[in-house]
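K.L.:
Predicted model, plus sequence, below.
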There are 2 protein chains.
Amino acid sequence: MTIDTISENRAFGGVQGIYGHRSRTLDCDMRVSVFVPPQAESGPRPVLFWLSGLTCTEENFTVKAGAQRLAAEYGLIVVAPDTSPRGDGVPDDDAYDFGQGAGFYVNATEAPWSVHFHMYDYVVDELPALVFGHFPARDDRQGIFGHSMGGHGALTIALRNPETFRSVSAFSPIVAPTQCPWGTKALGGYLGPDRKTWEDHDATALINGGAAVPGEILIDQGTADEFLEEQLKPHLFTEACEKAGQPLRLRMQEGYDHSYYFIASFMKDHFTHHAGFLLD
Amino acid sequence: MTIDTISENRAFGGVQGIYGHRSRTLDCDMRVSVFVPPQAESGPRPVLFWLSGLTCTEENFTVKAGAQRLAAEYGLIVVAPDTSPRGDGVPDDDAYDFGQGAGFYVNATEAPWSVHFHMYDYVVDELPALVFGHFPARDDRQGIFGHSMGGHGALTIALRNPETFRSVSAFSPIVAPTQCPWGTKALGGYLGPDRKTWEDHDATALINGGAAVPGEILIDQGTADEFLEEQLKPHLFTEACEKAGQPLRLRMQEGYDHSYYFIASFMKDHFTHHAGFLLD
């Protein structure tokens, strides 16, 4: 497994890199953003995976979230992959919420998506192996977070892999994709009509089915988010967590929207949350 | 003088806006980024103008610099204009370093640039009037900073208007445009062959000619900046300041390049510098 350096920039005493690699899971070339903090010079560091939302690449979070400052403060490696397989040989759809840029962190079983769209396996298996093979990251200290579709990815992946991920948080996540238009379109398109197969990719359904993460989940949600009512529905997740006894801190942030300005505004609190689980 | 709201996003308790207006100085429609911090709810705040570098619009600084967090911490309004007049009716050049995106903060006297390219007057007169007319900004508390071509703009504008600007700083500025390829091309193109007219737009020449700013100037410069030797030449400015007795703190930052990752890494120190002059 080799990687190519596309760019490396010194930032906050560490190195912000964009790397390219051939993914066997997705059968295409992929890019990934990795920030290595200055503390990594003296030994391996915990690693925090960020999953982005619809239409994003590895770049949006990297340039807009203000995460490098915090990663350097806490000594965390931060990894941000793309949101789907990419390239001319990869199927696509004209819609912004399906196909390239909208992998939804599942393993597609429906043609033509089933050849490349295995973002669940990519994030859970191939990407961590790539990171641990090339960067000074500790595989016993992993956290995951994300935004919107990526918040959905972070929650479902953490709930299905509680022994891997010590910490999870999300900004404006799609918490119940089986119950919103974005989710039913994507899960139906990638997994087919059997809704039973969708539940493994629905954080609310996973909690209702007995899944849990070891610590508290942190979620920030803007009250002025245009997608709040129709797509995000955080109350469904709150109800499930309350019933199941899963600790959850959902913060409704007055006047904030769905943008990276919202994300950047509360990024510090998410790093503090993860650092509490990932640092000794 | 009216403005249109293109977007407003809550960020760090304040509001990050992008606004459009018709500029009479530039005879075209312009966009400007304005962040208003939460402290403005209880009264007018100091204002810090940011001037961007070649190829930038009002957007680069706004999404990449991480400035909103600091502006909210110090209670400063931050204004970032575009780098030139824009639009189909405005002359342009195929090069990245001349024409649209490369106004160089001068008033062009050469055709065809002389009709629209009056970025000096725009930044010194029309933009502040717009800001003071529409936002709770204090006109007795103004600072200015910028990057590369915008660092050149900030230094020259501060040196020529020391009673207006209480504080100035720059990231990797073009300090001696009369002595580097970017500068001689732009000043020759916009102002014509008489090099005497160029000196009003050369920070080093201004210092040598007796101009000064009331306080210390802060400059950060990356040692791995690809433009350092040929275009930026900070030692020319250092020598002029030393000879003239102008206080200057030039910091050579080891391993940093010309990117916004460098800018973001030291943005806090620049806000602290300006706050020292702008806050009571």
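P.N.:
Perfect, thanks for sending it.
K.L.:
so what pLDDT did the most centrally placed residue in chain A get?
P.N.:
Centroid-nearest residue in chain A, with CA atoms, centre = their mean: A:Leu51, separated by 2.3 Å. You'll see A:Leu51 listed with a pLDDT of 98.
K.L.:
wait, what's in contact with it?
P.N.:
Taking CB atoms under 8 Å, 6 or more residues apart in numbering or on different chains, we find A:Leu51 in contact with A:80-81, A:83, A:105, A:123, A:144-147, A:149-151, A:153-154, A:157. The C-beta positions use only the backbone N, C-alpha and C, and glycine is treated the same way.
K.L.:
ok, now A:Leu278?
P.N.:
A:Leu278 makes contact with A:Pro46, A:Leu48, A:Leu76, A:Arg141, A:Gln142, A:Gly143, A:Arg166, A:Ser167, according to CB under 8 Å, 6+ apart.
K.L.:
Can you flag which of the residues you listed belong to strands?
P.N.:
Of the contacts of A:Leu278, the ones assigned to strands by DSSP state E are A:Pro46, A:Leu48, A:Arg141, A:Gln142, A:Gly143, A:Arg166, A:Ser167.
K.L.:
Pick out the most distant pair among those.
P.N.:
The span of the ones in strands among the contacts of A:Leu278, defined through CB to CB, is set by A:Leu48 and A:Arg166 at 10.2 Å.
K.L.:
Now do the shared contacts for those two.
P.N.:
Shared contacts of A:Leu48 and A:Arg166 (CB under 8 Å, 6+ apart): A:Gln142, A:Gly143, A:Leu278.
K.L.:
Mind listing the residues bridging to the second one?
P.N.:
With DSSP bridges as the criterion, the beta-bridge partners of A:Gly143 are A:Leu48, A:Ser167.
K.L.:
Around it, how many other residues sit close by?
P.N.:
Using other CB atoms under 10 Å in any protein chain shown, A:Gly143 has 28 neighbouring residues.
K.L.:
Over to the first one?
P.N.:
By other CB under 10 Å, the residues close to A:Gln142 number 25.
K.L.:
ends of stretch A:193-201, how far apart?
P.N.:
14 Å (CA to CA, to the nearest Å).
K.L.:
same deal with stretch A:216-236?
P.N.:
Stretch A:216-236: ends 17 Å apart by CA to CA.
K.L.:
show me where the stretch 51-200 of chain A has helices.
P.N.:
With DSSP state H, counting those that start in this stretch as the criterion, the stretch 51-200 of chain A has helices at A:59-64, A:67-74, A:119-121, A:127-134, A:149-160, A:181-191.
K.L.:
Could you say which of those helices is packed most deeply?
P.N.:
Highest mean neighbour count among those (mean count of other CB atoms under 10 Å in any protein chain shown): helix A:149-160, with a mean of 28.
K.L.:
Just the mean pLDDT for it, thanks.
P.N.:
In this model, helix A:149-160 has a mean pLDDT of 98.
K.L.:
Show me which residues of the stretch 51-200 of chain A are close to chain B?
P.N.:
Neighbours of chain B within the stretch 51-200 of chain A, by CB under 8 Å from any CB of the partner chain: A:Val63, A:Lys64, A:Gly66, A:Gln68, A:Arg69.
K.L.:
Of the shared contacts of A:Leu48 and A:Arg166, which is the nearest to chain B?
P.N.:
The nearest member of the shared contacts of A:Leu48 and A:Arg166 to chain B, counting by CB to the nearest CB, is A:Gly143 at 21.8 Å.
K.L.:
Would you check that that closest one makes contact with A:Thr164?
P.N.:
No - in this structure A:Gly143 lies outside contact range of A:Thr164 using CB atoms under 8 Å: 9.9 Å.
K.L.:
and of the ones in strands among the contacts of A:Leu278, the nearest to chain B?
P.N.:
Of these, the one sitting nearest to chain B (CB to the nearest CB) turns out to be A:Leu48, at 18.1 Å.
K.L.:
what's the distance between the closest one and B:Lys64?
P.N.:
In this view, A:Leu48 and B:Lys64 are 21 Å apart by CB to CB, to the nearest Å.
K.L.:
next one: A:Gln68
P.N.:
Distance, A:Gln68 to B:Lys64, using CB to CB: 11 Å.
K.L.:
for A:Asn9, same thing?
P.N.:
Here A:Asn9 is placed at a distance of 11 Å from B:Lys64 (CB to CB).
K.L.:
Any idea what A:Met252 is bridged to?
P.N.:
With DSSP bridges as the rule, A:Met252 is bridged to A:Gln221.
K.L.:
Which stretches in the stretch 1-150 of chain A count as strands?
P.N.:
Along the stretch 1-150 of chain A, the stretches classed as strands by DSSP state E, counting those that start in this stretch are A:4-11, A:14-23, A:28-36, A:45-51, A:77-81, A:137-147.
K.L.:
so what strands line up beside the shortest one?
P.N.:
Right, the one you point to is strand A:77-81. Its sheet considered, strand A:77-81 pairs with strand A:28-36 (antiparallel), strand A:45-51 (parallel) by DSSP bridges.
K.L.:
Now do the same contact list for A:Ala65.
P.N.:
A:Trp50, A:Tyr260, A:Ile263, A:Ala264, A:Met267.
K.L.:
Out of those, name the two that are farthest from one another.
P.N.:
Maximum distance among the contacts of A:Ala65 (CB to CB): 12.8 Å, for A:Trp50 and A:Ala264.
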